[in-house]
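>>> Pasted the sequence and its predicted model underneath.
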Amino acid sequence: MRLCYHCMNQIKDEKVQICPQCKKPLKVKLENASVMLPPGTVLQGKFLIGYSLGFGGFGITYIGWDQVLQRKVAIKEFYPRQITERCEDGITVTITDAAMKARFQSGLQSFLQEARSLASLQDTVKGVVSISNYFEANGTGYIVMEYLEGMDVKNILQKSGGKRDYEWCRQVILTVLHTLREVHRQGILHRDIAPDNVFITNEGVIKLIDFGAAKHTSDIIQKRSDIVLKVGYAPIEQYSRTAKQGPYTDLYAVAALFYRMLTGKKPAPANERVNDDTVVPPSQLGISIPEQAEMALMVCLNIRPEHRLQNAGDFMEALGGIGFEPRYEPDWILPVTEDDGKRKKMSTPVKALILLGGILMVAGGIFAASRLLRSSERVEVTESSSNCIMVDCVGKTSEEAIAALQEEGIAINDKLTYEYSLEVPKGTVTSQNIRPGTSMKEEDTVTLTVSGGNSVFTMPDLSTMGREEVESYFASKGLEISMEDTFSEEVPKDQMVLQSVAAGEDYIIGGEEMPKLAVAYSLGKKSDYDVKMPNLKGLSLSEAKEKLKDMNLKLDVTDEKDPDYSNVKKGKVSDQSIYAGDILNTIEDEGKELTLYTSRGKKPEPKKEATPRPTQKASSTQPRSASEPRIDAIKEPERKISALD
């Protein structure tokens, strides 16, 4: 069963090319391959990585799949882009500057502390994302958490004309404060509250996500730390390495969020407000808001930390939220139309604190904040602000999408990428390389992928596919492709050497002038297949053939009887038509003829003629016994003749 790496929907039909759920192509593409993990990467042997959901200055979040529990997850990777990069394997993280090693390790430990902090909250606080695992791997760290389906406040505002009415905003802010009250009781600060970190699930649950800057308060007091700021939402104390931080730090960000939802504008950066504070109350911008609520908002936006409300409970009380309980229902987004009369009156201490804060904000806050900046060591600030937000082009015609992008002033790649599809109407945008809702930078360029119907597709880089995948890719379009092998001194074995239609070119199916589809794969260097012909003399035919097989020499072997005699045992190989030691190439010489001559044995010696034996005379004597000597063997003594005779 396949998974869509965009939404992790399980797909049973192996022939489907578009995900039935999210309507995005199932074909895997690498997006920002030098930065993102490739879709399909598996961590810890069970967590499957999909496409990225978003990334910030120090981390990337991916959709994932828990292969053990069979459920969607979100996987966050520690990846501070300023000081890290991917190794050649596209997975391992390495530090670009050895001098930054200590900083990286410190950041990694803070990142893992985020997981520990959240794990300690998830059983008691419903408004924070739950953690299922965290670990170190690939030179960095990962956090596995619940996958939330819904949208963040940033996207809701974008779809609502940039702002919402007071009561809707009040309900959201009270829910955030309700969660923060419990978080702060555990000694944990969020320190990164902004529209994109307040998430509303499809079930209506409002959750704080991305505790990226969270640390225990005691750690903040005792240790120096590097900070990445969201400009406009970060209070002045976050611009200093040494300034003390507390719950009031998060309250500034909540007030900035409140201001942004009401007015459609975020407050000016805190460090710019020191000498020239341009933030005006929402009522002066024509926003309808109760006086005490506006005063509480502006007090919490005070530059001086000590002049803000000091805890989430006080802020809730100022918004009429005594006894408030979050409404975790799908209809949470609907505004409360009438005051039900059940809100309790604000206590006198809180009224006094708000009034005093308002006076101090005007009279002495700015002067005191300037002293704070001058007396504290500055930190390097990373801004996440941008001029425009990426629009959602999927489902629009290419003309509609281009018009929408041009209206937003977003740069577009002139070359559209066409995708073969039998399901999506021709000319409809099926995907885009930058996710909707992403803050765009000036240098960002959008590339749109458009359905080409059954008549046109943009040729992909086939070198990223395996052989079977290439065959399947073209077979699904009813096209034949020739696959060849060739030697290459430069391209490693099994990698593609060339494709007849270059990647990025549009291919018109049935077009008369379209070239033949062919790809060639490298066999590696020719010399890698050179071997010496073995000496097969003395082996049986079966042994000789087995030896050739072991050396991957696929020759056309025949056998004949050696016309000559030899000392080789009869039936064994006595000679071979390809001499031992000759160089053969296992690829080029495949099928080459080889004759093996089998021995007739040694040459037989010539036969000697038989010598006839003398015939014995017949004897008239009686047969002798075995003990008697033969008569014919007894010789008389030779007599000597002398003169006496």
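Okay, I see it.
>>> Kindly provide the distance from the closest residue to residue 503 other than its chain neighbours to residue 106.
Among residues not flanking residue 503 along the chain, residue 461 sits closest, at 4.0 Å (Cβ to Cβ, 6 or more residues apart in numbering). The way it works is simple: take the backbone N, C-alpha and C, and place the C-beta from them, glycine included. As judged by Cβ to Cβ, to the nearest Å, residue 461 and residue 106 stand 39 Å apart.
>>> Please apply the same query to residue 506.
Residue 506 is 50 Å from residue 106, by Cβ to Cβ.
>>> which residues of this structure score low on pLDDT?
Applying pLDDT under 70 to the chain flags residues 30-34, 55-57, 212-229, 241, 330-387, 442-443, 609-645.
>>> Where do the helices of it begin and end?
101-119, 153-159, 166-185, 217-222, 247-263, 270-273, 291-300, 312-318, 348-360, 366-375, 398-408, 467-475, 541-550 (DSSP state H).
>>> Out of these, flag the one nearest residue 193.
helix 247-263 (3.8 Å; Cβ to Cβ).
>>> could you give the angle of that closest one to helix 291-300?
Interaxial angle of helix 247-263 relative to helix 291-300 (axes from the mean of the first three to the mean of the last three Cα atoms, to 10 degrees): 130 degrees.
>>> For helix 247-263, buried residues please.
247-263 (16 or more other Cβ atoms under 10 Å).
>>> do the same with stretch 403-421
Buried residues in stretch 403-421 (16+ other Cβ under 10 Å): 405, 410, 416, 417, 418, 419, 420, 421.
>>> Tabulate the CA atom coordinates of that stretch in CSV.
The C-alpha atoms that make up stretch 403-421 are tabulated as CSV, following Å, rounded to 0.1, in the frame of the first residue of the first chain:
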residue,chain,number,x,y,z
ALA,A,403,-3.0,36.6,-12.3
ALA,A,404,-3.3,36.0,-8.5
LEU,A,405,0.5,35.8,-8.1
GLN,A,406,1.0,38.9,-10.1
GLU,A,407,-1.6,40.8,-8.1
GLU,A,408,0.4,39.9,-4.9
GLY,A,409,3.7,40.9,-6.6
ILE,A,410,5.1,37.4,-6.3
ALA,A,411,7.8,36.4,-8.9
ILE,A,412,6.7,33.5,-11.2
ASN,A,413,8.9,31.0,-13.1
ASP,A,414,8.0,31.7,-16.8
LYS,A,415,8.3,27.9,-17.5
LEU,A,416,5.3,25.9,-16.4
THR,A,417,5.8,22.3,-15.5
TYR,A,418,3.3,20.0,-17.2
GLU,A,419,2.1,16.8,-15.6
TYR,A,420,0.4,13.9,-17.3
SER,A,421,-3.0,13.3,-15.8
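>>> ok, and what's touching stretch 551-568?
531, 533-534, 537-538, 541, 544-545, 548, 574-575, 578, 584, 586, 589-603 (Cβ atoms under 8 Å, 6 or more residues apart in numbering).
>>> Can you list the buried residues in that stretch?
553, 555, 557, 562, 566, 568.
>>> ok, now stretch 450-467?
450, 451, 452, 453, 456, 457, 458, 459, 460, 462, 465.
>>> Count the neighbours of residue 232 for me.
By the criterion of other Cβ atoms under 10 Å, residue 232 has 21 neighbours.
>>> wait, doesn't it sit right on residue 256?
Yes: counting by Cβ atoms under 8 Å, residue 256 is a contact partner of residue 232 at 6.1 Å.
>>> Need the overlap of contacts for the two.
What both residue 232 and residue 256 touch, as defined by Cβ under 8 Å, 6+ apart, is the set 266, 267.
>>> Correct me if wrong: residue 519 contacts residue 484.
Yes: contact criterion Cβ under 8 Å: residue 519 and residue 484 qualify, at 7.3 Å.
>>> who has more neighbours, these two?
Ranked by neighbour count (other Cβ under 10 Å), residue 519 and residue 484 place residue 519 first, with 21 against 10.
>>> Pull up the gap between that one and residue 420, please.
17 Å.
>>> on that earlier part again, among the buried residues of stretch 450-467, which one lies nearest to residue 159?
residue 450 (24.0 Å).
>>> Spit out the contact partners of the closest one.
By Cβ under 8 Å, 6+ apart, the contact set of residue 450 is 398, 416, 417, 418, 419, 427, 428, 429, 430.
>>> Tell me the one of the residues you listed nearest residue 473?
The nearest member of the contacts of residue 450 to residue 473, counting by Cβ to Cβ, is residue 419 at 11.6 Å.
>>> I figured the closest one was touching residue 428, is that so?
No: look at residue 419 against residue 428 with Cβ under 8 Å: they stay out of range, at 9.9 Å.
>>> Now do the shared contacts for those two.
Common neighbours of residue 419 and residue 428 (Cβ under 8 Å, 6+ apart) are 450, 451.
>>> tell me the contacts of residue 2?
With Cβ under 8 Å, 6+ apart, residue 2 has these contacts: 10, 11, 14, 26.
>>> Residue 259 now?
So, once contact is read as Cβ under 8 Å, 6+ apart, residue 259 ends up touching 265, 266, 267, 279, 282, 297, 301.
>>> mind checking how far it is from residue 296?
12 Å.
>>> same check, this time on residue 400
44 Å.
>>> can you check residue 239 too?
Taking Cβ to Cβ, one finds residue 239 at 24 Å from residue 296.
>>> Between those two, which has more neighbouring residues?
Neighbour comparison, residue 239 and residue 296: the larger count goes to residue 296, with 29 against 22 (by other Cβ under 10 Å).
>>> Check the gap between the residue lying closest to the more buried one once chain neighbours are set aside and residue 164 for me.
Distances taken as Cβ to Cβ, 6+ apart place residue 318 nearest to residue 296, at 3.4 Å, with adjacent residues excluded. Taking Cβ to Cβ as the measure, residue 318 falls 19 Å from residue 164.
>>> ditto for residue 244
34 Å.
>>> higher neighbour count, those two?
residue 164 (20 against 13).
>>> can you tell me which residues contact that one?
156, 157, 261, 262.
>>> ok, which pair from those residues is furthest apart?
156 and 262 (13.6 Å).
>>> ok, what's across the strand from the nearest residue to residue 118 once chain neighbours are set aside?
For residue 118, ignoring the flanking residues on the chain, the nearest one in space by Cβ to Cβ, 6+ apart is residue 131 at 4.8 Å. Counting by DSSP bridges, residue 131 is bridged to residue 145.
>>> before we move on, the earlier item: in strands, which of the contacts of residue 2 fall?
Taking DSSP state E, the ones among those that sit in strands are 10, 11.
>>> So what touches stretch 504-520?
By Cβ under 8 Å, 6+ apart, stretch 504-520 touches 415, 418, 452, 454-459, 462, 470, 474, 477-486, 496-501.
>>> now, which of the contacts of residue 164 sits nearest residue 189?
Using Cβ to Cβ, those come closest to residue 189 at residue 261, 21.6 Å.
>>> need the contact list for the residue nearest to the closest one when sequence neighbours are not counted.
Closest residue to residue 261 apart from its sequence neighbours, by Cβ to Cβ, 6+ apart: residue 169 at 4.3 Å. For residue 169, the residues meeting the contact criterion (Cβ under 8 Å, 6+ apart) are 258, 261, 262.
>>> Let me see the contact set for the last one.
In this case it means residue 262. Contacts of residue 262 by Cβ under 8 Å, 6+ apart are 163, 164, 166, 169, 282, 287, 289.
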